[in-house]
Structure formats: C-alpha cells, structure tokens
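Trainee: Mind looking at a prediction? Sequence and model below.
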Amino acid sequence: MARALGLNEDLTEALALAHDIGHPPFGHAGEDVLQAAMAAVGGFDHNAHTIRLLTRLETPYPGFDGLNLSWETLEGLAKHNGPVAAPPWALAEADALWPLELSSWPGLEAQVAAIADDIAYDNHDIDDGLRAGLFTLEELLGVKLARQAWEGVRARHRDAGEARLIPELVRELIGRMVNDVLVETRRRIGESGVQSVEAVRAAGRPLAGFSEEMAVEEHALKAFLHARMYDAPSVQAVRAEAQRMLAALFEAYRADPERLPPEWRPRPEAAAARAIGDFIAGMTDRYAIRQYRDLIGPAGLPEGF
C-alpha cells in the first residue's frame, strides 16, 4: 500500500514491524494482568511500552540507550492509532525527551501501517479460526463481506475443492480490503488538498482508511470473529489460565526480586513493579510458561503453547 501511494516504504515497514513489539506474553490478556499489577506505579500500556522498549530498554550501543530510531519512526509508533490525549507514563516520559506532537495525527505511513494491521489480523484470524474448528466455512459465509468474496472465488475456480479455495478466499478478502483502502485514501488526500506531511498531521482526521461501506462490512466481520473466536469458551478458558499464571509469576517476582536475572533487578531508586513489568513484558508465551514452571509449579497450558 505504501508503494502504491508513493509513501516512504522503509518507514512504513519499520512501523508495521515494530508497532506491537511492546505486547507482553499472551497479548491483550497479558496486558490486562500487567495493567492491574502495576496500577500503583502508573499501569501498563503496550503501545507506550513499545516506545519505552525501543528508546530505553534495548541497549545495543555503548553511547546511548535505545535503537537510535528516527523521530518519524517514534512519532508513528506512538500515534499509529491516532492522537493521544492522555499519554500513559511511559509515553509521557518519551514525549518529554523527544516531543512527538501527540495531539496531532501521524504521517500517512503510520496510518497505512495501522489499517494494514486491521487487514492482516482480520484475515489471518479467519484462517486460524477455520483451521482450529472454532467456526465453519458455512458460518463464516453468513458475513456479507466473506460471502461476496467466496462467490467471486467460486466463480473463478468452479472445479476446485473447498480445501484449496479457503486460502484463495483469504487472499481475495485481503485484496478487496487493500484495494478499498487505496481508492479511499487517494480520494481523501485529493479532497483534503494536503501537500505536505505537516498538512497531513494538521488535517484533523485520518486520511488513510476504509471507505464508509467497507468500514461497515469490516466491522461486521470483526463482530463475527469476536463472537465465534476471541470470546469462544475454549479460547476464554486458555486466556483465563494464561492470566492466572502471569499474575502469579508477577507476584513471585514481587515477593522476591532476587529471582529476577541480575540485569533486571530494580535499582534502589526505582519501583520494583516497573522492573518486574519490564522483564515480564519482554517474555514470549513459552518463556513465561517455562518461568512459571520453574518458580511455581505445573502450568495449566499445553506443552509448546
């Protein structure tokens, strides 16, 4: 999309790759645990933690903390979902060092990365949900957008079996969404008359996004995925167990910070909860499960989760 719109592809790719790097283990479920556990010291926000991670916690260079990213990268990561009226503490700290103009919209590269994220997880979750048996193709086709895409796929490949057509359905949906964004974004840019990135930031609204019709259809698809996948009882059970384990792990470190690796132990002047949050937020799902088993006992999640 960045290439088709004549944007900076390198910046867009950096934003797409890094925008969720602040997520803790178990994604949003883990974020809720850290938010509660760190409430007394400002809480936890994965978007703000992305900035903290990239400007402070990663230290590959001897002369300064962070990855020495451009201002445009940090600004786009901080605001890829739009202006930030009340920045969490970690984002406020970064903003004090590198003013990120949090009250304005980000550049088009960040806006494109944000809508690309929606397109990616909608469609990959369709694929995952079908393979996991959380819903059937027939149930999915009750969603207008999916049904229209399926009709197009079947019309082009009348002799192909269902198993071969499902990946083509996902490709078709991605293509329809991408093309809609390109047409709508060009329309908004032309209508707004913006001629510079400063004008994009001052436009007062996003310039990259779905058309009104596609936004309605995509919202219906999201509602289906929430009902049949994210909120499915089997998924909720895994989420609840993951949250229980992560909360117990946080308390184990809080009870004895010496259990943390030496480089992660809180300094005397720092809040222990923040050091623990930083360490846990950097874990993968599997590493968190392994730490739980080592410190507390058997985990209620399957091996290799």
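Mentor: Noted; the coordinates are in hand.

Trainee: quick one, helices of the stretch 201-305 of the chain?
Mentor: Listed in chain order, the helices found in the stretch 201-305 of the chain under DSSP state H, counting those that start in this stretch are 212-225, 233-255, 272-281, 285-295.

Trainee: With respect to burial, which of those helices scores highest?
Mentor: Across these, averaging neighbours per residue (mean count of other Cβ atoms under 10 Å) puts helix 272-281 on top, at a mean of 21. Just so you know, the C-beta spots here come from the backbone N, C-alpha and C atoms, and that holds for glycine as well.

Trainee: Work out the gap between it and the centre of the chain.
Mentor: What separates the centre of helix 272-281 from the centre of its chain is 20 Å, taken as Cα atoms, centre = their mean, to the nearest Å.

Trainee: Likewise for stretch 278-292?
Mentor: Relative to its chain's centre, stretch 278-292 lies at 18 Å (Cα atoms, centre = their mean).

Trainee: Apart from its neighbours in sequence, what residue is nearest residue 245?
Mentor: Nearest in space to residue 245, with sequence neighbours left out and distances taken as Cβ to Cβ, 6 or more residues apart in numbering, is residue 292 at 4.8 Å.

Trainee: so who does that neighbour touch?
Mentor: When contacts are counted by Cβ atoms under 8 Å, 6 or more residues apart in numbering, residue 292 is found next to 245, 248, 249, 299.

Trainee: cool, residue 103 as well?
Mentor: Residues in contact with residue 103, defined by Cβ under 8 Å, 6+ apart, are 83, 84, 85.

Trainee: which parts of the helix or strand where residue 181 lies are buried?
Mentor: Using DSSP states H and E, residue 181 falls within helix 162-192. Using 16 or more other Cβ atoms under 10 Å as the burial criterion, the residues of helix 162-192 that qualify are 165-166, 168-170, 172-174, 176-177, 180-181, 184-185, 188-189.

Trainee: So for the residue nearest to residue 245, what pLDDT did the model give?
Mentor: The model reports residue 292 with a pLDDT of 96.

Trainee: what's the answer for residue 169, then?
Mentor: For residue 169, the pLDDT comes out at 97.
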